[in-house]
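Participant: Sharing a model prediction with you, sequence too.
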Amino acid sequence: MSKDAVQIGVGAGRRTRLLNVRVSDAEHVAISEAAKQAGMSVSAFFGSLLLEGAGVRPFLTADDRLIMAALLEDMRMIGINLNQVARSLNSGKSVHPSELDINLGNVQRIQAAVLSELRALSRRAGHERRDMKDGED
């Protein structure tokens, strides 16, 4: 996060302020559909876009957090396995090549999963939607 970015803590307080924004019928449909695709209410979606514009990123849904937690646990387990292999090699013990292949495959699998999740987050990011919309004009 850049030094200019705003940090908003979780549970930053009850939302008591109201913002009114005028949009066209077509814009409202587009916003509603984008919110639906993101699994958010229009209010939460619009708020996330406004905060993102202020430099607050990323906005993770509950599902995103569950996926990230699962990926983190997978990465932790792979790290443990790789440390065991490194200890064995450093102590002069031999390691069967298939064990190295398995660990390398696990690293590649988790790398692909993380990349896939980051791409999904990027597609949902407001700046990507704005860029795509600008490109259509």
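Facilitator: It's in. Just so it is clear, the model here is predicted, and its values are computed rather than measured.

Participant: Name the helix or strand for the residue nearest the centre of the chain, please.
Facilitator: Nearest residue to the geometric centre of the chain (C-alpha atoms, centre = their mean): Leu121, 4.5 Å. For Leu121, the element it lies in under DSSP states H and E is helix 97-124.

Participant: Averaged pLDDT, that helix. What do you get?
Facilitator: Per-residue pLDDT over helix 97-124 has a mean of 86.

Participant: That one packs against which elements?
Facilitator: helix 62-90 (3 or more C-beta pairs under 8 Å, 6 or more residues apart in numbering; DSSP states H and E). For the C-beta atoms, the positions are set from N, CA and C on the backbone; glycine is no exception.

Participant: Test my guess that the residue nearest to the centre of the chain contacts Asp64.
Facilitator: Yes: contact criterion C-beta atoms under 8 Å: Leu121 and Asp64 qualify, at 6.9 Å.

Participant: what helices or strands is the helix or strand harbouring Ala34 leaning on?
Facilitator: Assigned by DSSP H and E, Ala34 belongs to helix 25-37. Helix 25-37 sits against helix 42-53, with contacts defined as 3+ C-beta pairs under 8 Å, 6+ apart.
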